[in-house]
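Asks: Sequence first, predicted coordinates after that:
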Amino acid sequence: MKHSGITTLEQFIVDQQALYKDAKGSLSKIFRALELAAKIVNRDVRKAGLVDILGNNGTSNIQGEEQKKLDVIANEVFINALARCGEVCAVVSEEDDDVTWIPECADQKYIVAIDPLDGSSNIDVNASIGTIFSVYRRADSSKAPVLEDCLQQGKHQVASGYFIYGSSTMLVYTTGLGVNGFTLDDGIQEFCLSHPDIRIPEHGKIFSVNEGNFSEFPDGVKNYIHFCKESDKATNRPYGARYIGSLIADFHRNLLKGGIFIYPPTAKAPNGKLRLVYECNAMAFIVEQAGGKASTGTQRVMDVQPSELHQRVPLFIGSVNMVDQALAMLNQSLSS
Ligand code: AHG
Ligand code: MN
Ligand code: MN
């Protein structure tokens, strides 16, 4: 009998288990926790207008950003699920000033960094939002975890991924064995393999940047944006401008179709707006595993040594040829 075509996330992880160094299944327990939390957040997102989760929470986070109710709810749901799974000793979150230590798991080796709700400004207007996560392993779990364990370079990530609560709900993740996408089948509440072995096209025709900040961009970025807008049939220009304002949504579209996303330094954000530990590193791991590139403009994102939890870096990420073109124009203007 021909087997059904459905591969659930559970089955996929078990199938891949043999390829992981971690044969004890710790990573699969962490993924089960992330999956459960995402299903709960997804349920709330799908009825946001009907329950009291829209709007501001009346609090703000360390970034000084107004916290939306769903930011706070998603943060609690993900941290509770990760604490409960028994494999995670600490969680770094955009929504918490400091690390959330999980004392009953102080002897465990995994650390998770999360942006529980990415694209908060889009919650109230029904545009795609998501959750971003990175998983790190401590070298030495014989002692209680310390801050340095949570400030590892992105190249040491064990896994990273994002959930996108969009026209469908998806999980896209990597453990260093390529990138795979799973779509939530609401009827059976299972994430099912829908985008096996995702590869980002080396070139694309989409550029994503918030041009409202154009006047504050470095000259090289301004030159690249002009380049994207020039008419040149031979190189498929002008490219299309697409900007949703949720990193996961802009990134996901470019991952599938090809394109470049840029969050450059601006006057009010000299290191850019996006956070290294729980936004940029996760996306950088995924894009590199899919054949793309992620740079701060001066170095590979995953080589940056974090100095503090909520550190920001500029981000140039997407199709390798487009990122290289943007970096060339950035460096050209710096050297002229
Ligand atoms: P978050 O909602 O987690 O704070 O992230 C919002 C980020 C990112 O999702 C998006 O790419 C960027 O903010 C948009 O910033 P601007 O509105 O300044 O363009
Ligand atoms: Mn975010
Ligand atoms: Mn967020």
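Replies: Now that the structure is in, tell me what you want to look at. Ligands and ions are numbered 1, 2, ... in the order given.

Asks: Could you tell me how far the residue of the stretch 51-200 of the chain found nearest ligand 1 is located from residue 76?
Replies: Residue nearest to ligand 1 within the stretch 51-200 of the chain: residue 120 (3.6 Å; Cβ to the nearest ligand atom). Heads up, the C-betas are built off the backbone N, CA and C, glycines and all. Counting by Cβ to Cβ, to the nearest Å, the separation of residue 120 from residue 76 is 15 Å.

Asks: Give me the helices and strands touching the worst-scoring helix or strand of the chain on mean pLDDT, please.
Replies: Ranked by mean pLDDT, DSSP states H and E, the weakest helix or strand in the chain is strand 66-68, scoring a mean of 75. The contact analysis (3 or more Cβ pairs under 8 Å, 6 or more residues apart in numbering; DSSP states H and E) places strand 66-68 against strand 56-60.

Asks: What are the buried residues along the strand it packs on?
Replies: residue 57 (16 or more other Cβ atoms under 10 Å).

Asks: With stretch 127-141 instead?
Replies: 128, 129, 130, 131, 132, 133, 134, 135, 136, 137, 138, 141.

Asks: Serialize those to a markdown table and add fields for secondary structure and pLDDT.
Replies: What follows is the buried residues of stretch 127-141, written out as a markdown table (DSSP: H, G, I helix; E, B strand; the rest coil; pLDDT from 0 to 100):
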| residue | secondary structure | pLDDT |
| --- | --- | --- |
| 128 | coil | 96 |
| 129 | strand | 96 |
| 130 | strand | 98 |
| 131 | strand | 98 |
| 132 | strand | 98 |
| 133 | strand | 98 |
| 134 | strand | 98 |
| 135 | strand | 98 |
| 136 | strand | 98 |
| 137 | strand | 96 |
| 138 | coil | 95 |
| 141 | coil | 86 |
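
Asks: farthest pair in these?
Replies: Greatest spatial distance among the buried residues of stretch 127-141 (Cβ to Cβ): 128 and 141, at 36.7 Å.

Asks: State the distance from residue 133 to ligand 3.
Replies: 12 Å (Cβ to the ion, to the nearest Å).

Asks: Can you report how many residues neighbour the closest residue to that residue other than its chain neighbours?
Replies: Nearest residue to residue 133, sequence neighbours excluded (Cβ to Cβ, 6 or more residues apart in numbering): residue 114, at 4.9 Å. By other Cβ atoms under 10 Å, 29 other residues sit near residue 114.
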